[in-house]
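# Need a 3D model of the following:
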Amino acid sequence: MDEPLFFGELGRVATSAEQRTIGGVTLPLVVQCASPAVDVPAVAAWVAEHQPTIEKALAAHGAVLFRSFPMRTAEDFDAFVSAFRGWEDLSYTRSMSFAVRKRCTHRICTTNEGKSGGLIFHHEQAQTPLWPSRVFFCCEQPAAPGDGGGTGLVSSHFVLEELKRAHPAFVQKCNDVGVRYTVFAGPAQDASKGAGRSWKSFFHAETKAECEAKMARGGWEWEWGRGPNGAELAPDFLKCVTPRLDAVKTAPGTTRECFFNQLIATIANALEFGRVGQDGGGFDPLVDTPTQEAVDECVRFADGSRVELHVLLDAKRLCEQHAVDVQWQAGDVALICNYQVMHARRPWSGPAGSRKVLASLVAEQHCTSAGRALVV
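Sure thing, here's the model as predicted:
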């Protein structure tokens with residue numbers, strides 16, 4: 001039996017209705033602050049002292065929820081994140097997120113300015129060659145009671161095991177062949193969309209020539225002025241296809257295989273990319289279903305064969321069936337292993353700005369050559 005985790009005098013392991021145990025693993029582990037009078041510098045010192053224990057907890061549980069610590073501002077959150085030694089920042093300006101985000105401090109940004117974004121379970125930026133190893137979230141302002149706005153978590157390892165039983169040929173192909181995603185992007189940011197980032201921001205390029213040079217180094221394919229289904233668009237609109245990416249990975253430091261990809265979230269991308277040239281909205285990614293042809297426009301196996309929509313819908317169902325929701329309290333910090341755990345933003349009924357959750361990403365130390373090509 002594993003020894004109990006000890007977090008010193010400042011943090012104690014707690015239980016919560018927001019936890020769920022599946023396959024002997026409780027998600028998330030909750031660490032409660034034991035001293036309401038503690039200040040941010042003391043919390044940062046505590047993090048540095050107990051980082052090995054926090055890392056052990058993260059490897060075992062996939063996510064750790066820090067509750068009742070004095071995280072009131074983006075600056076407080078930055079100090080918390082920066083206390084982890086050796087965890088390199090993956091800034092929004094260097095990242096390949098689809099989302100439109102705003103920078104708050106050196107290491108902190110908003111999660112997604114498009115209210116419809118991130119609603120289907122996903123691994124952060126797994127549809128690109130450059131992804132974070134870990135993701136921090138901090139609740140600066142929870143949604144009003146009854147308005148929703150939590151964050152769903154689900155074990156990617158458990159989902160993969162369920163898919164092996166239900167769709168073994170699909171999982172085997174994910175392992176053997178890998179996938180390639182198609183990205184559609186204009187030259188300007190569009191915060192009305194969940195995946196509204198411009199190609200200039202996505203590729204960190206000011207001109208088409210600079211963008212093409214980066215894509216060429218990373219093994220991408222591209223075409224200008226082309227939308228889904230061959231639609232003719234403005235000459236500065238980009239359609240591009242990623243190099244081959246894995247769809248299953250083993251979480252570093254563990255033996256757990258994970259369904260590490262963006263296939264389930266492609267359900268939402270297929271709905272949104274099919275509306276290129278329109279304002280965001282007009283569909284509900286949690287309810288509406290794209291056509292198989294729309295999915296084909298957004299993702300295929302690396303050999304060119306289609307990824308079956310009915311399997312993605314089954315995977316989406318499995319995520320919802322086995323998920324647990326973090327019901328945010330002001331100051332909560334959730335630390336997620338981006339390999340082991342998928343996350344999803346839950347919708348909320350309040351007005352824009354009535355819920356504010358911030359994010360910070362930790363760089364993967366062993367990113368692919370295709371990923372490195374896009375940040376140099």
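
# Going by C-alpha atoms from here, please, whenever you check contacts or count neighbours.
Noted.

# Below-threshold pLDDT in the protein: ranges please.
1-3, 112-117, 193-194, 274-282, 366-376 (pLDDT under 70).

# domain parsing for it?
11-156+325-372, 160-319 (automatic domain parsing).

# where's the longest one relative to the chain centroid, distance-wise?
For domain 11-156+325-372, the separation from the chain centroid amounts to 10 Å (computed by C-alpha atoms, centre = their mean, to the nearest Å).

# Same check on the shortest one?
Between the mean C-alpha location of domain 160-319 and the chain-wide mean there is a distance of 13 Å, by C-alpha atoms, centre = their mean.

# and the end-to-end length of it?
Domain 160-319 has an end-to-end distance of 10 Å (C-alpha to C-alpha, to the nearest Å).

# State the distance from the residue nearest the centre of the chain to W328.
Geometric centre of the chain, nearest residue: E124, 2.3 Å, by C-alpha atoms, centre = their mean. Counting by C-alpha to C-alpha, the gap from E124 to W328 is 19 Å.

# With E9 instead?
For E9 relative to W328 (C-alpha to C-alpha), the value is 24 Å.

# packing partners for the lengthiest strand in the chain?
Of all segments of type strand in the chain, defined using DSSP state E, the longest is strand 132-141. Here strand 132-141 touches helix 74-82, strand 333-337, strand 356-363, going by 3 or more C-alpha pairs under 8 Å, 6 or more residues apart in numbering; DSSP states H and E.

# Quick one: closest of those to F184.
strand 356-363 (23.7 Å; C-alpha to C-alpha).

# Run through who's touching that closest one.
Contact with strand 356-363 is made by 74, 81, 87-91, 107-111, 131-143, as judged by C-alpha atoms under 8 Å, 6 or more residues apart in numbering.

# what about E212, neighbour count?
17 (other C-alpha atoms under 10 Å).

# That one falls within a helix, correct?
Yes: membership of E212 in a helix is supported by DSSP: H, G, I helix; E, B strand; the rest coil.

# Next, work out how far apart it and R244 are.
Noted for E212: a distance of 18 Å to R244, by C-alpha to C-alpha.

# hmm, back to that, more neighbours: which of E9 and W328?
W328 (23 against 10).

# wait, what's in contact with that one?
Contact analysis of W328 by C-alpha under 8 Å, 6+ apart lists 139, 142-143, 149-151.

# show me where this structure has helices.
With DSSP state H as the criterion, the chain has helices at 40-61, 74-82, 156-166, 168-177, 199-202, 208-218, 266-273, 292-298, 309-322, 369-372.
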